[in-house]
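In: Sequence below, structure please.
(one chain, ligands or ions: 2)
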Amino acid sequence: MRFPFALTFKIAKHITRHRLKRTPRFAMVLQLEPLHTCNLTCTGCGRIREYSTSLKDMVPLEQCLAAADECDAPMVSICGGEPLIYPKIEELVAGLRGQGRIIYICTNGVFMRKKMREYLASVFTPAHETVLARLVAEQLVTEKEAEAIRKADAGAKSKPVIAPSKWMYWNVHVDGLEYTHDLIVEREGVFKECVAAIRMAKILGYQTATNTTVYKETAMPELVDMYKYLSSLGVDGHTISPGYDYDAAKKDMVKRLGRDPKEFFLTRTLTREKFKDIEEWGKMFTIFGTPVYQEFLAGKRELTCTAWAIPTYNVKGWKAPCYLMTDGHFAGYQEMLDTVDWEKYGVVDGVARDARCENCMVHCGYDPSGALSTKPRDNWINMKFNFGARPAAFPSDAALEKRVFNGVTIGKGHLAEAKAAVNKEFSGAKSAYARNGNDLPAAPSAGGGCGGGDAGQRDELLAKLDGARKTDVNAG
Ligand code: SF4
Ligand code: SF4
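Out: Ligands and ions are numbered 1, 2, ... in the order given. Okay, the predicted model is just below:
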């Protein structure tokens, strides 16, 4: 089976229950943002900008659990900000499990290994020595860390931890291969850390997933390599979504200056071009997301936005109408469902009900539309997909690894590249992506679990390179 039976069954039961009750709108996935603080400052991150005045605020644990209880979504995606910074993350995961939810922890991966060491310390007995020795041998845990795990005191043993469970996934944000990903998150070494964290998670028996956002500059062949490599690591599934950002200023430029929208937006046409092979990918890799949504992305059909099915709850309340756009926050999920005029949003028969929705095809608006379709043919293909055989893991090889670690590992990190630009030796330090005749990739915002974007990334990166050049000149 492509997905664990118990999880598929739980979701199917939830949908059936609401269909029988004829509930007009209900939640499938809660996007829970307990905080917006992050250890990274990705270029173009929508979250750390939109909530810049409340970055220090957090949703109290009880309120997080009450929100999950209120909307009763079978799946909760804990995102942010970086959820592993949330001081009560372990209690939150335990509380959501107590409610019977399927949990995705959407993380940038940087603190994952620390959390898994804490887990290992809490359960460690001599019987775990073999696994610990393997982690050390594979350089996923240092000798010093291994010793700390062996000598864990009563405090470490009784600490709440995030343990492996078939009901929980680490959902790691990965937007490309090493060079691209580190550029996006603006820190060299993050891609390598994500890979190390995924490898450690698999050894310890955790379920792992990845989430990727595709933007205008994303090179799709690069993503095929990324999925092959992730598959070789044993990653259990992947969420992929086109990025989308509505920016009134850019829209105005299109209108006033007669500029081509393609210069600014991942338009519907561009999205369909990018995703034309998504159904093939669905056969090759364990892509999460219904085949109906995949047909929509590939341009084979239309769907109506069902943003109410993936509601977002954060420090300001229930965010309406969707993860991307904010027209207001509400105190309750039901209040939001009852108050928002949902007929004002989305694209129906090719016509945008709201100009801001015109080019949106994002996962949080349209994937549930596929899952909730009442057409027998859609139900059949969704079921066939879910119950079908899981794609076999790709074997990794030296050539693939060489393409994957194309950044800081080979001395071509973005900082090295910025330095090269400063020294006017840029061409000698171009990335593999750029050397293949492409423009340097702009930095898309993190998708799926966090971020949620601003497409001024290219301009900002160029400005940073320019700034670095000036600083260097001044210093010299
Ligand atoms: S179409 Fe996209 S932007 Fe518009 S409401 Fe739906 S999810 Fe939000
Ligand atoms: S995109 Fe995600 S990882 Fe990056 S700064 Fe924003 S919240 Fe943090």
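In: contacts and neighbour counts: CA atoms only from here.
Out: Noted.
In: Next, see if stretch 306-322 gets close to ligand 2.
Out: No. Using C-alpha under 6 Å from any ligand atom, stretch 306-322 stays clear of ligand 2, coming no nearer than 13.0 Å.
In: So in that sheet, which strands flank the top strand by length along the chain, and in what orientation?
Out: Ranked by residue count, the top strand of the chain under DSSP state E comes out as strand 207-214. Applying DSSP bridges, strand 207-214 is found paired with strand 168-173 (parallel), strand 237-242 (parallel).
In: between the ones you listed, which one is nearest to ligand 2?
Out: strand 168-173 (7.6 Å; C-alpha to the nearest ligand atom).
In: now the strands for the stretch 51-200 of the chain?
Out: For the stretch 51-200 of the chain, the strands defined by DSSP state E, counting those that start in this stretch occupy 75-78, 102-107, 168-173.
In: Show me how the record splits the protein into domains.
Out: Domain ranges of the chain: 5-107+164-387, 415-475, per automatic domain parsing.
In: The strands paired with strand 207-214: which one's closest to ligand 1?
Out: Closest among those, once you apply C-alpha to the nearest ligand atom, is strand 237-242, at 10.7 Å.
In: The closest one close to ligand 1?
Out: No. Strand 237-242 stays clear of ligand 1 (C-alpha under 6 Å from any ligand atom), getting no nearer than 10.7 Å.
In: Report the buried residues of that strand.
Out: Within strand 237-242, the residues scored as buried using 16 or more other C-alpha atoms under 10 Å are 237-242.
In: I'd like to know which helix or strand in the chain has the lowest mean pLDDT.
Out: In the chain, no helix or strand scores lower on mean pLDDT, DSSP states H and E than helix 432-435, which sits at a mean of 36.
In: State the distance from Cys64 to Trp318.
Out: 11 Å (C-alpha to C-alpha, to the nearest Å).
In: and Thr269, how far is that from Arg97?
Out: Relative to Arg97, and taking C-alpha to C-alpha, Thr269 is found at 41 Å.
In: same question but for Thr286, I mixed them up
Out: With C-alpha to C-alpha as the criterion, Thr286 and Arg97 are 24 Å apart.
In: Of these two, which one has the most company?
Out: Thr286 (23 against 16; other C-alpha atoms under 10 Å).
In: where's the more buried one relative to ligand 1, distance?
Out: Using C-alpha to the nearest ligand atom, to the nearest Å, Thr286 is found at 24 Å from ligand 1.
In: Verify the contact between that residue and His238 for me.
Out: Yes. Under the criterion of C-alpha atoms under 8 Å, Thr286 makes contact with His238 at 6.2 Å.
In: What score does the residue nearest to Gly365 when sequence neighbours are not counted have for pLDDT?
Out: Nearest residue to Gly365 in three dimensions, chain neighbours excluded: Ala307, at 4.4 Å (C-alpha to C-alpha, 6 or more residues apart in numbering). For Ala307, the model assigns a pLDDT of 95.
In: how many other residues sit next to Ala307?
Out: Ala307: 26 neighbours (other C-alpha under 10 Å).
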